[in-house]
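In: coords below, sequence missing:
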């Protein structure tokens, strides 16, 4: 691939560029900050990219691609890997014949997430080799390396990014494009390799551990782990973005930067530890490296528990190195985000607040209704949880409280993992009934206006099959389905919710009004779709 | 560290929708095209919905961390007056604060180009020619926005030159 020899790219853009240069046949995923821009950039670079309804489906699609000799990229935020964990763990057993790279974009400090889980733990738990880039240059290089590792050992490879790596722009010198996959996509039957009944899974587990042993040998000998010479009185073992803070905070120190942090190159680490008088492990998030290194019998310092929380930065690294326990500076609070003026969610949450509802809510812009002036959200846990949690509340609460419980869920979130919640509602209905409000604003708003199966448009905004939410709900046997624009007559909307709560029936209200930020674009996509729908022979008649 | 090549630290702050990220893109782009090492960092996500947004730009011969260390900003550019106090801690002693007050009332054809006008104020203190800033605007903004923003850049530069005899706050 030819192009500029020096670029200023975000980590996400760098992964996308490597996906193009690495001949990825298909990129798929579900939008989630900070990972969203990878597939969008890949598409802009001419790659084949698509949104899946959720991360589990995305990973399964990617796995299918990688069973054919082709290369697949699957992207998600850290909590998305929880959703995709089921296929992930067994894909480790089946392996792949092409390549499968799974991007997990972690969010230490929770810039835009409900937790700060450290997904390096997933690599250990599933038994998959994991790479951790520190900047956009490495995001580019490690994506290509992940493809090579995946193809060479026939194993899915997680690429662990963090918010700071995804969203920081740094200089990238691309190069080293991979040769295209050497065999064409084809189906080769391998029943014992891919059908994980216990009899075939048992040997598959042994094969996985053998692969990991060989990958460990490679990682020790020629893995992407780099030692920076320095004053041997202080040695620092680090990975990912923490390396950058370390180099700035302690430029004189000797540094061992680990690029592949599972399987961990403990012999490389042992040699380094033995060569420095004091050794500190500097890692963001969980004490994953330090625990593993200590378990190997090496004496290293970790960080105090306070630094498990939030991101690291230059100041915090200095504090850890100097055992400075003085209180950290707390920046003055900024202005919190809010629902846009004119946002259709405002009408819904005003009604719920007026009716004193107990609101089991979900992940999306509407979670902002927890803040003043609404303060109308009572629970938010994970994608789709609003419906299950709402049902549980209904089952356990005394009837006069149960009748106030409402579940609110966005359109994209409903498609992602709300459907099974509705199935549960039909199958195990609470005695007091239940009310689910699907907040359909025609887009995945929070992550930056991505399409989803309910919009009927692809990642590139082209028309495709459309899941009609009310038809789907009807098909489950829910009789009381209302589709309404909550902004047209807010009082009438509030009455509808009140009547639904009082009815004791299972009710789904689709509150439909396009997101204010997306409305103009949606009109444009619809106009463009209408133009292309005109049959060709009609056009010919006009010529 | 005294022997380290000096890195220039810039923090741009404001509210979602004000063009904080576009402003930091322009600064990063100009430094990048000058052949320097550049890192630019910000947090997206919830900040899209009208909340506080800050973006760090650092450039020099070699830049490691993408984040400006606490209290080490050489320049703090604030697009919204109510965001000055929440961000003042980021400025080093003797650093330069640039606020909307730097731009004469009514000078801008379009208030939405305030971000570029304040980048204009900043630009006179940075070691890059005016043409580099104009080029970055042409490269980073849609053609229909060029005239307004090139004018905003010029207004910002003129205002900064005029104010340069006034000591920094």
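Out: All right, it came through fine. What you are looking at is a predicted structure, and each value in this text was computed from that prediction instead of being measured. Numbers count the residues shown, from 1 in each chain, chains lettered A, B, ... in the order given.
In: tell me the contacts of the spatially most central residue of chain A?
Out: Centroid-nearest residue in chain A: residue A:77, 1.7 Å away (criterion: CA atoms, centre = their mean). Residues near residue A:77 by CB atoms under 8 Å, 6 or more residues apart in numbering or on different chains: A:32-35, A:104-107, A:113. Where you see a C-beta, it was placed from the backbone N, CA and C, and this is true even at glycine.
In: is any residue of stretch A:280-288 near chain B?
Out: No - using CB under 8 Å from any CB of the partner chain, we find that stretch A:280-288 stays clear of chain B, coming within 12.1 Å at best.
In: residues in contact with that stretch?
Out: A:106, A:108, A:116, A:118, A:120-121, A:124, A:162, A:234-242, A:245-246, A:261, A:289-290, A:293, A:300-303, A:308, A:311-312, A:317, A:320-321.
In: before we move on, the earlier item: most neighbours among the contacts of residue A:77, which one is it?
Out: Using other CB atoms under 10 Å in any protein chain shown as the neighbour test, the contacts of residue A:77 are led by residue A:105, with 32 neighbours.
In: which SSE is it in?
Out: Assigned by DSSP states H and E, residue A:105 belongs to strand A:99-106.
In: quick one: the strands in chain B?
Out: Assigned by DSSP state E, chain B shows strands spanning B:8-15, B:37-42, B:52-60, B:73-78, B:91-98.
In: which residue lies nearest the spatial centre of chain B?
Out: So for chain B, CA atoms, centre = their mean, it's residue B:119, sitting 4.5 Å from the centre.
In: which residues of chain B lie near chain A?
Out: B:1, B:4, B:15-16, B:25, B:28-29, B:32, B:37-52, B:54, B:64-67, B:69-71, B:82-83, B:85-87, B:89-90.
In: how about a cut-off of 7 Å?
Out: Contacts of chain B with chain A, taken as CB under 7 Å from any CB of the partner chain, map to B:1, B:4, B:15-16, B:28-29, B:32, B:37-47, B:49-52, B:64-67, B:69-70, B:85-86, B:89.
In: just the buried members of those residues?
Out: B:15-16, B:28-29, B:32, B:37-47, B:49-52, B:64-67, B:69-70, B:86 (16 or more other CB atoms under 10 Å in any protein chain shown).
In: how much space between the closest residue in space to residue A:209 that isn't next to it in sequence and chain B?
Out: Setting aside the residues directly before and after it, residue A:209 is nearest to residue A:127 in space (CB to CB, 6 or more residues apart in numbering or on different chains), at 7.1 Å. Separation of residue A:127 from chain B (CB to the nearest CB, to the nearest Å): 31 Å.
In: list the contacts for residue A:506?
Out: A:425-426, A:429, A:433-434, A:478, A:480 (CB atoms under 7 Å, 6 or more residues apart in numbering or on different chains).
In: Produce a ChimeraX select command limited to the buried residues of those.
Out: In ChimeraX syntax, the buried subset of the contacts of residue A:506 is picked out as below (16+ other CB under 10 Å):
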select /A:425,429,433,434,478
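In: in what helix or strand does the one residue in the stretch 1-150 of chain A that gets nearest to chain B lie?
Out: In the stretch 1-150 of chain A, the residue that lies nearest chain B is residue A:112 (2.7 Å; CB to the nearest CB). Under DSSP H and E, no helix or strand contains residue A:112.
In: can you give me the mean pLDDT across the lengthiest helix in chain B?
Out: As assigned by DSSP state H, the longest helix anywhere in chain B is helix B:146-163. Mean pLDDT, helix B:146-163: 95.
In: how far does it sit from its chain's centre?
Out: Distance, stretch centre to chain centre, for helix B:146-163: 13 Å (CA atoms, centre = their mean, to the nearest Å).
In: could you give the angle of that helix to strand B:91-98?
Out: 120 degrees (axes from the mean of the first three to the mean of the last three CA atoms, to 10 degrees).
In: re earlier: okay, the residue nearest to the centre of chain B and chain A: tell me how far apart.
Out: 16 Å.
In: so who does that residue touch?
Out: Neighbours of residue B:119 in contact, by CB under 7 Å, 6+ apart: B:23, B:26-27, B:153, B:156.
In: and for residue A:29?
Out: A:35, A:39, A:52, A:55, A:58, A:74-76.
In: now those as JSON lines including pLDDT and secondary structure?
Out: Shown next, in JSON lines, are the contacts of residue A:29 (pLDDT from 0 to 100; DSSP: H, G, I helix; E, B strand; the rest coil):
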{"residue": "A:35", "pLDDT": "96", "secondary structure": "coil"}
{"residue": "A:39", "pLDDT": "98", "secondary structure": "helix"}
{"residue": "A:52", "pLDDT": "98", "secondary structure": "coil"}
{"residue": "A:55", "pLDDT": "98", "secondary structure": "helix"}
{"residue": "A:58", "pLDDT": "98", "secondary structure": "helix"}
{"residue": "A:74", "pLDDT": "98", "secondary structure": "strand"}
{"residue": "A:75", "pLDDT": "98", "secondary structure": "strand"}
{"residue": "A:76", "pLDDT": "98", "secondary structure": "strand"}
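In: drop anything exposed from those.
Out: By 16+ other CB under 10 Å, the contacts of residue A:29 give A:35, A:39, A:52, A:55, A:58, A:74-76 as buried.
In: okay if I get the residues you listed as a markdown table plus distance to chain B?
Out: Formatted as a markdown table, the buried ones among the contacts of residue A:29 follow (distance: CB to the nearest CB, whole Å):
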| residue | distance to chain B |
| --- | --- |
| A:35 | 11 |
| A:39 | 15 |
| A:52 | 21 |
| A:55 | 18 |
| A:58 | 20 |
| A:74 | 21 |
| A:75 | 15 |
| A:76 | 15 |
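In: closest to residue B:105 among those?
Out: For the buried ones among the contacts of residue A:29, the residue nearest residue B:105 by CB to CB is residue A:35; the value is 43.1 Å.
In: does the closest one really touch residue A:104, like I thought?
Out: No - using CB atoms under 7 Å, residue A:35 is not in contact with residue A:104, being 8.0 Å away.
In: shared neighbours of those two, anything?
Out: residue A:76.
In: residues of the stretch 101-250 of chain A that sit close to chain B?
Out: A:111-112, A:163-164, A:167-171, A:244-245, A:247-248.
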